[in-house]
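J.: prediction below, plus the sequence it came from.
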Amino acid sequence: MKRTLIIAILTLITSFAFGQDKYFRKWPEGKSPEEIGRRIAARFVQSAHPNWANPGPANEITYPETCTWYGALLFANASDDHLLRKALEGRYRVLRETERKLIPKADHVDHTVFGSIPLELYMQTDSQDYFNEGLKYADEQWVLPADAKPEHKDWAEKGMSWQTRLWIDDMFMISTIQAQAFRATGDKRYIDRAAHEMVYYLDQLQRPNGLFYHAPDVPFFWGRGNGWQAAGMAELLRSLPEDNFNRARILEGYTKMMTTLLEYQDESGMWKQLVDDPDAWNETSATGMFVYAMATGVRKGWLDEKTFGPAVRKAWLALSDYINEAGDVSNVCEGTNKKNDRQYYLDRKQNTGDMHGQAPLLWSAFAFLDAAP
């Protein structure tokens with residue numbers, strides 16, 4: 001009986017490994033997650049702090065830089081690259097010691113996600129200073145400020161973060177900092193409240209087809225906006241305890257979205273600036289975020305690997321063609337506010353080297369390498 005059970009387990013493990021090898025390994029030269037991850041991370045290390053593509057030095061660390069930095073740290077850990085980790089930690093030390101004015105305050109959802117960097121550094125180095133610096137961002141996201149506006153108080157009374165605004169971008173920003181706090185502390189309070197927030201966004205913004213409006217008053221399926229949502233759900237689910245009350249609801253919303261995205265993947269492997277608009281242009285940041293969300297789902301067993309594995313592989317190979325020799329990703333939608341106007345989204349500038357597009361390639365490289373349950 002024991003022998004039969006052991007053989008069955010070994011067969012299951014072998015079958016899983018074969019599937020993973022079939023879709024997420026044996027990449028063409030120069031296109032493996034290890035190679036691309038190193039290129040994008042190296043590009044980040046040598047980059048100045050971005051200023052929204054404006055001339056002159058940055059006034060603060062922007063959320064695209066935070067997300068790229070966070071992705072580079074995840075990749076460094078997954079690839080066991082000690083030199084990269086030291087370089088990324090060195091960038092943070094310089095920030096603390098000589099560029100402190102650039103460190104954002106925890107006063108807005110896009111600023112608060114910055115705490116994910118020191119928390120990741122804490123988990124990789126065990127430095128208590130990093131822990132203290134990072135955790136305050138997660139805590140302050142749920143503590144009403146003294147000058148809180150009425151709408152902030154209304155959100156807090158519902159058990160939500162006072163930084164709630166019902167833009168789909170928020171679901172990566174809030175999920176990431178709160179999940180990081182949970183990973184660093186083991187305190188379920190952080191991830192439980194992020195899950196509660198996620199369910200509210202699902203109920204308000206997800207449409208019957210599985211995709212998400214940019215906001216309640218903007219009925220367009222903006223690519224990167226949906227990418228933030230997809231990546232945010234994956235980021236939350238990969239650490240959300242199985243016994244969490246909201247896990248089943250979030251997983252339902254996630255799988256519904258992933259299934260619908262398969263229908264809109266371009267023949268080239270890419271997704272578009274407006275996901276459901278055939279006249280829209282192929283956009284790299286959204287595609288990268290969808291790759292991260294799907295690769296994580298296949299890795300964790302939430303998605304069928306035979307169905308999603310080929311789509312993920314195709315998208316990753318397509319993305320690799322948008323990376324130039326310098327390590328900059330092209331066809332990245334510029335920073336975008338919400339607007340109830342289809343043409344507004346179609347006319348957005350297509351940037352090269354914009355960290356909105358650099359970040360998701362690093363998350364995806366991490367997801368391909370991260371085989372932990």
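T.: Looks like it arrived, so ask away. Numbering: from 1, shown residues only.
J.: in space, what's closest to the residue minimising distance to the centre of the chain - neighbours in sequence excluded?
T.: Taking C-alpha atoms, centre = their mean, the centroid of the chain lies closest to residue 231, which sits 4.2 Å from it. Spatial nearest neighbour of residue 231, chain neighbours left out: residue 289 (4.5 Å); criterion: C-beta to C-beta, 6 or more residues apart in numbering. Placement of C-beta: from N, CA and C, glycine included.
J.: counting by contacts, list what the one helix or strand the one you found maps to packs against.
T.: Element membership for residue 289, per DSSP states H and E: helix 284-300. On a contact count with 3 or more C-beta pairs under 8 Å, 6 or more residues apart in numbering; DSSP states H and E, helix 284-300 meets helix 2-24, helix 223-237, helix 247-264, strand 271-272, helix 305-320, strand 332-333, helix 355-369.
J.: after the first one comes which helix or strand?
T.: Spelled out, that is helix 2-24. helix 33-45.
J.: restrict the helix or strand just after that next one to CA atoms and write it as PDB.
T.: Using DSSP H and E, the helix or strand that follows helix 33-45 in sequence is helix 63-78. Written as PDB, here are the backbone C-alpha positions of helix 63-78 (Å, rounded to 0.1, in the frame of the first residue of the first chain):
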ATOM      1  CA  TYR A  63       5.500  54.100  -7.900                       C
ATOM      2  CA  PRO A  64       6.900  52.800 -11.300                       C
ATOM      3  CA  GLU A  65      10.400  52.900  -9.800                       C
ATOM      4  CA  THR A  66       9.100  51.200  -6.600                       C
ATOM      5  CA  CYS A  67       7.500  48.400  -8.600                       C
ATOM      6  CA  THR A  68      10.700  47.900 -10.600                       C
ATOM      7  CA  TRP A  69      12.900  47.900  -7.500                       C
ATOM      8  CA  TYR A  70      10.600  45.400  -5.800                       C
ATOM      9  CA  GLY A  71      10.600  43.200  -8.900                       C
ATOM     10  CA  ALA A  72      14.400  43.300  -9.100                       C
ATOM     11  CA  LEU A  73      14.600  42.300  -5.400                       C
ATOM     12  CA  LEU A  74      12.300  39.400  -6.000                       C
ATOM     13  CA  PHE A  75      14.300  38.300  -9.100                       C
ATOM     14  CA  ALA A  76      17.600  38.600  -7.200                       C
ATOM     15  CA  ASN A  77      16.300  36.300  -4.500                       C
ATOM     16  CA  ALA A  78      14.700  33.800  -6.900                       C
END
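J.: what residues does helix 63-78 touch?
T.: 37, 40-41, 44-45, 49-50, 81-82, 84-85, 88, 91-92, 110-111, 113-114, 116-117, 120-121, 124, 172-173, 176, 335, 354-356, 358-363, 365-366, 369-370 (C-beta atoms under 8 Å, 6 or more residues apart in numbering).
J.: do the same with stretch 347-357
T.: 43-44, 50, 53, 62, 64-65, 67-68, 224, 273, 281, 283-285, 288, 324, 326, 328-336.
J.: what distance do you get for residue 277 to residue 271?
T.: Distance of residue 277 to residue 271, computed by C-beta to C-beta, to the nearest Å: 11 Å.
J.: look at these two and report which has more neighbours.
T.: For residue 277 versus residue 271, neighbours defined as other C-beta atoms under 10 Å are more numerous around residue 271 (29 against 16).
J.: thought that one was touching residue 262?
T.: No: contact criterion C-beta atoms under 8 Å: residue 271 and residue 262 do not qualify, at 10.3 Å.
J.: now do the shared contacts for those two.
T.: Common neighbours of residue 271 and residue 262 (C-beta under 8 Å, 6+ apart) do not exist.
J.: tell me how many other residues crowd the closest residue to residue 24 other than its chain neighbours.
T.: Nearest residue to residue 24, sequence neighbours excluded (C-beta to C-beta, 6+ apart): residue 368, at 5.2 Å. By the criterion of other C-beta under 10 Å, residue 368 has 29 neighbours.
J.: in contact with residue 368, which residues?
T.: Here residue 368 is in contact with 24, 33, 295, 299, 316 (criterion: C-beta under 8 Å, 6+ apart).
J.: any of those buried? List them.
T.: Burial by neighbour count, judged by 16 or more other C-beta atoms under 10 Å, picks out 24, 33, 295, 299, 316 from these.
J.: tell me the one of these nearest residue 155?
T.: residue 295 (32.6 Å; C-beta to C-beta).
J.: and the closest one, what pLDDT?
T.: The per-residue pLDDT reported for residue 295 equals 98.
J.: look up the closest residue to it, ignoring the ones flanking it.
T.: residue 367 (4.0 Å).
J.: same question for residue 82.
T.: residue 76 (7.9 Å).
J.: how close does the one you found get to residue 121?
T.: Counting by C-beta to C-beta, the gap from residue 76 to residue 121 is 11 Å.
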